[in-house]
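1. from the sequence below, what's the structure:
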Amino acid sequence: MLSLVVFIITVALIFDFINGFHDAANSIATVVSTRVLTPRFAVAWAAFFNFVAAFGFGTNVAKTLGSGMIVLDVVTEYVILAGLIGAIAWDIITWYFGLPTSSSHALMGGYAGAAIAKAGMPAIIAAGWYKTLAFIVLSPIIGLILGFSFMVIVLWVFRNFTPSSIEKYFGKLQLVSAALFSLGHGTNDAQKTMGIIAGVLYKSGYLASFSIPFWVILICHAAIGLGTMAGGWRIVRTMGQRITKLRPVGGFCAETAGAATLLGTAIAGIPISTTHTITGAIMGVGATRRLSSVRWGVANRIVWAWVLTIPLSAFIAAVTYRLIALLVQ
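-> Below you'll find the model as predicted:
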């Protein structure tokens with residue numbers, strides 16, 4: 001049993017690493033595309049704040065994912081393993097095609113798909129999914145509105161400044177906004193893996209009640225930070241260059257809008273997508289120039305990938321669970 005638990009925790013940390021790798025674009029695409037930081041320094045900056053997030057924002061999201069979405073009596077080590085495999089497979093597929101999809105939703109979809117394959121729809125705690133499903137729509141809208149609003153406010157406040165002075169000033173400020181967004185990315189996304197690992201430990205009898213040990217918090221933040229260091233450059237290009245052209249002032253507004261959304265929902269215990277949030281914020285910033293400055297064709301492909309993430313990762317996980325069940329029998 002111990003060896004199985006260790007194996008599943010290892011797979012969970014691999015997912016966490018891939019999450020950081022896949023979602024590195026969320027944290028660094030704007031700061032790289034505006035040339036405020038080189039790619040090497042950008043990933044180091046983001047990874048550092050991914051890890052620092054372990055020390056300040058609680059574990060509400062982890063508890064929601066670990067015990068508030070799937071009936072714990074249904075959960076077994078094999079359900080969790082199949083869910084992780086479904087999420088990892090979807091992340092790799094979308095990374096290959098350069099699509100900035102949600103690793104968080106891939107994990108939730110995989111977890112749900114494996115649980116349904118074992119026990120049917122009664123395995124789902126409907127109340128735990130309402131906020132998550134609502135924020136699939138709301139998080140990019142909130143990001144877009146905040147990104148648009150911040151950009152309009154900044155342009156009005158600095159309307160009498162020369163473009164060169166604005167670029168210089170916001171180039172420095174973008175380091176702060178990138179750090180804040182990386183904090184939000186770290187605390188929101190690492191907590192989802194924490195919830196999965198805590199579920200494994202609880203179901204295996206290594207925890208008396210569902211809780212998040214501090215060592216789990218540390219290793220999950222370390223794994224996502226290392227993944228960010230590796231950087232998923234295919235998706236960085238999509239986020240930073242193909243949606244709209246960004247300048248430092250736009251990068252600052254997009255990252256600040258994304259950070260405000262992520263940190264607020266993390267404190268509220270709502271597991272949302274960092275990808276959805278920052279994509280919406282980038283679109284909002286681009287729309288302040290003119291609607292045509294946003295490449296809506298690229299945005300359309302991204303949205304379709306968002307829609308498919310939960311059902312397809314659930315399908316992969318369900319098939320994986322069935323295969324594991326056959327092998328175990």
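
2. which outside residues touch stretch 79-89?
-> Stretch 79-89 is contacted by residues 7-8, 11-12, 14-15, 18, 70, 103, 106-107, 109-115, 117-118, 196, 199-200, 203, 313-318, 320-321, 324 when judged by C-beta atoms under 8 Å, 6 or more residues apart in numbering. Bear in mind the C-beta positions are built from the backbone N, C-alpha and C, glycine included.

3. helices - which of these land there?
-> Using DSSP state H, the members of those that fall in helices are 7-8, 11-12, 14-15, 18, 103, 106-107, 109-115, 117-118, 196, 199-200, 203, 313-318, 320-321, 324.

4. show me where the chain has its helices.
-> For the chain, the helices defined by DSSP H cover 2-33, 39-52, 60-67, 77-96, 103-119, 126-157, 163-203, 214-230, 233-237, 248-268, 274-287, 296-328.

5. highest average neighbour count across these?
-> When these are scored by mean count of other C-beta atoms under 10 Å, the highest mean neighbour count falls to helix 274-287 (a mean of 29).

6. how far does that helix sit from the chain's center?
-> Put simply, helix 274-287 sits 14 Å off its chain's centre (C-alpha atoms, centre = their mean, to the nearest Å).

7. can you give me the angle that helix makes with helix 2-33?
-> Using axes from the mean of the first three to the mean of the last three C-alpha atoms, to 10 degrees, the inter-axis angle of helix 274-287 relative to helix 2-33 is 10 degrees.

8. helix 274-287 vs helix 103-119, what angle?
-> Using the same axes, to 10 degrees, helix 274-287 lies at 140 degrees relative to helix 103-119.

9. alpha carbons of helix 274-287, as CSV, please.
-> Extracted C-alpha coordinates of helix 274-287, given in CSV (Å, rounded to 0.1, in the frame of the first residue of the first chain):
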residue,chain,number,x,y,z
THR,A,274,-5.3,31.1,-14.4
THR,A,275,-5.3,30.6,-18.2
HIS,A,276,-8.9,31.8,-18.6
THR,A,277,-8.3,34.8,-16.4
ILE,A,278,-5.1,36.1,-18.0
THR,A,279,-6.4,35.4,-21.5
GLY,A,280,-9.5,37.5,-20.8
ALA,A,281,-7.3,40.2,-19.3
ILE,A,282,-5.1,40.3,-22.4
MET,A,283,-8.2,40.6,-24.6
GLY,A,284,-9.5,43.4,-22.5
VAL,A,285,-6.3,45.4,-22.8
GLY,A,286,-6.1,44.8,-26.5
ALA,A,287,-9.7,46.0,-27.0
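
10. so what does that helix touch, helix or strand wise?
-> helix 2-33, helix 126-157, helix 163-203, helix 248-268, helix 296-328 (3 or more C-beta pairs under 8 Å, 6 or more residues apart in numbering; DSSP states H and E).

11. elements contacting the first one?
-> Spelled out, it's helix 2-33. Counting by 3+ C-beta pairs under 8 Å, 6+ apart, the packing neighbours recorded for helix 2-33 are helix 39-52, helix 77-96, helix 103-119, helix 163-203, helix 214-230, helix 233-237, helix 248-268, helix 274-287.

12. what does the shortest one give?
-> With contacts taken as 3+ C-beta pairs under 8 Å, 6+ apart, helix 248-268 sits against helix 2-33, helix 60-67, helix 126-157, helix 163-203, helix 274-287.

13. avg pLDDT for the last one?
-> For helix 274-287, the mean pLDDT works out to 81.

14. same thing with stretch 59-77?
-> 78.

15. straight-line length of that stretch, end to end?
-> 22 Å (C-alpha to C-alpha, to the nearest Å).

16. that stretch: how far from the chain's middle?
-> Centre to centre, stretch against its chain (C-alpha atoms, centre = their mean), the figure for stretch 59-77 is 18 Å.

17. go on, stretch 173-187?
-> Remark: stretch 173-187 is offset 13 Å from the chain centroid, using C-alpha atoms, centre = their mean.

18. stretch 258-265 too?
-> Relative to the centre of its chain, stretch 258-265 is centred 12 Å away, using C-alpha atoms, centre = their mean.

19. again, but for stretch 134-150
-> Relative to its chain's centre, stretch 134-150 lies at 15 Å (C-alpha atoms, centre = their mean).
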